[in-house]
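Trainee: Show me how the following folds:
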Amino acid sequence: MGTDEARATLAAIPALAGYDGPLERLGGMTNLVFRAGDICLRIPGKGTEEYINRANEAVAAREAAKAGVSPEVLHVDPATGVLASRFVAGAVTMSPDKFKLRAGSPARAGEAFRRLHASGAVFPFRFELFAMIDDYLKVLSTKDVALPPGYHDVVRESDTVRAALAAHRLPIAACHCDPLCENFLDTGERMWIVDWEYSGMNDPLWDLGDLSVEGRFDTAQEEEMMRAYFGREAKPAERGRVVTYKAMCDLLWTLWGLIQLANNNPVEDFRAYADGRFARCKALMETPEFSRHLAAVRQG
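Mentor: Numbering: from 1, shown residues only. Next comes the predicted model:
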């Protein structure tokens, strides 16, 4: 069914309608993604319109391409979310294991983030962590799915995190906001970033903290990424923000996983995904190290 849908979608795009070559199904947790020659075609998954603004994504994808961190956008339909971009030949789709095995890859990711954040690009959406938690909870209130026990308690406890982050705000920048490893394409010389569904103006250190979590970075990988990003050793308050966002991204994406569960997304066991992320969030927030990092953030 997916291949037929992809061919019908290509046929409806005037600039791509003549393609009759092979289609290769690529990865994707919520969407259908195909390679069609030198084109990458993305067809939005069922239910994604509940929490993704495709018009915002279209602007962000084009701006990220202009900034040189994302492939050229060949076609985008803000109404349907169908997107076609240039396929990056010779690039490897990243994973936690590949970030460990490919020398220099955490640094290349840090450099890509720096290029994006310093580009001056303006994305339409304001990615605001605590507002998004509220929005996702509203979506879930219409679904028949249970939150992990104690979720609301941790949200209340995160008020101290919110206050610490607000004490010395960083200037917001255009951010990816969903740096799943598979959204990184590595040529060995350059790291490309794709999939701008959740992108927005945000504290730039969210991107670093979230990638560290998604990539299961060890301390050395995290330091390599930060050193490439800052061009120097991270200051205590900067490192503290990265660690703080490691916990907060798990708090947010727990809810995302539950929405996938409610929408019957078959890609993986989203109950286990959500519960695992929430457990990891709680475990980190309970450590003495987290308290020290939060104090550094508060002090600025």
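
Trainee: Excluding chain neighbours, what is closest to the residue nearest in space to the middle of the chain?
Mentor: Centroid-nearest residue in the chain: residue 178, 0.8 Å away (criterion: C-alpha atoms, centre = their mean). If you skip the residues right next to it in sequence, residue 178 has residue 198 as its closest partner in space, 4.0 Å away by C-beta to C-beta, 6 or more residues apart in numbering. Yep, even glycine has a C-beta here, placed from its N, CA and C like the rest.

Trainee: Next, the one you found: secondary structure please.
Mentor: coil (DSSP: H, G, I helix; E, B strand; the rest coil).

Trainee: so it makes contact with residue 123?
Mentor: No: between residue 198 and residue 123 there is no contact under C-beta atoms under 8 Å: 10.4 Å.

Trainee: Mind telling me what element residue 52 is part of?
Mentor: Assigning secondary structure by DSSP states H and E places residue 52 outside every helix and strand.

Trainee: Name the nearest residue to it, sequence neighbours excluded.
Mentor: residue 197 (5.0 Å).

Trainee: re the thing from before, which ones are touching the residue nearest to residue 178?
Mentor: 52, 127, 176, 177, 178 (C-beta atoms under 8 Å, 6 or more residues apart in numbering).

Trainee: let's see it at 10 Å
Mentor: 51-53, 56-57, 60, 125, 127, 132, 175-180, 183, 210, 252-253, 256 (C-beta atoms under 10 Å, 6 or more residues apart in numbering).

Trainee: what do you get for residue 233?
Mentor: Listed by C-beta under 10 Å, 6+ apart, the contact set of residue 233 reads 223, 226, 227, 239.

Trainee: any idea how far the last one lies from residue 108?
Mentor: Meaning residue 239. From residue 239 over to residue 108 the distance is 20 Å, taken as C-beta to C-beta, to the nearest Å.

Trainee: Give me the more crowded residue out of the two.
Mentor: Neighbour count, other C-beta atoms under 10 Å: between residue 239 and residue 108, residue 108 has more, with 24 against 21.

Trainee: so who does the more buried one touch?
Mentor: Residue 108 neighbours (C-beta under 10 Å, 6+ apart): 94, 99, 102, 184, 186-192, 224-225, 228.

Trainee: Which among the residues you listed count as buried?
Mentor: Buried subset of those (neighbour count, 16 or more other C-beta atoms under 10 Å): 94, 99, 102, 184, 186, 191, 192, 224, 225, 228.

Trainee: Now those in TSV, please, with extra columns for pLDDT.
Mentor: Output for those, formatted as TSV (pLDDT from 0 to 100):
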residue	pLDDT
94	98
99	99
102	99
184	98
186	99
191	99
192	99
224	99
225	99
228	99
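
Trainee: Which of these sits closest to residue 298?
Mentor: Using C-beta to C-beta, residue 225 comes nearest to residue 298 of the buried ones among the contacts of residue 108, at 23.5 Å.

Trainee: Wait, the closest one touches residue 109, no?
Mentor: Yes: Residue 225 is within contact range of residue 109, at 5.9 Å (criterion: C-beta atoms under 10 Å).

Trainee: which residues of the stretch 1-150 of the chain fall in helices?
Mentor: Secondary structure of the stretch 1-150 of the chain (DSSP state H, counting those that start in this stretch): helices at 2-11, 54-66, 96-101, 105-117, 129-140.

Trainee: Of all those, which one is nearest residue 164?
Mentor: Judged by C-beta to C-beta, the one of the helices of the stretch 1-150 of the chain that comes nearest to residue 164 is helix 129-140, at 12.6 Å.

Trainee: so what does the helix or strand just after that closest one touch, helix or strand wise?
Mentor: Counting by DSSP H and E, the next helix or strand C-terminal to helix 129-140 is helix 151-157. In terms of contacts (3 or more C-beta pairs under 10 Å, 6 or more residues apart in numbering; DSSP states H and E), helix 151-157 is packed against helix 129-140, helix 236-262, helix 270-285.
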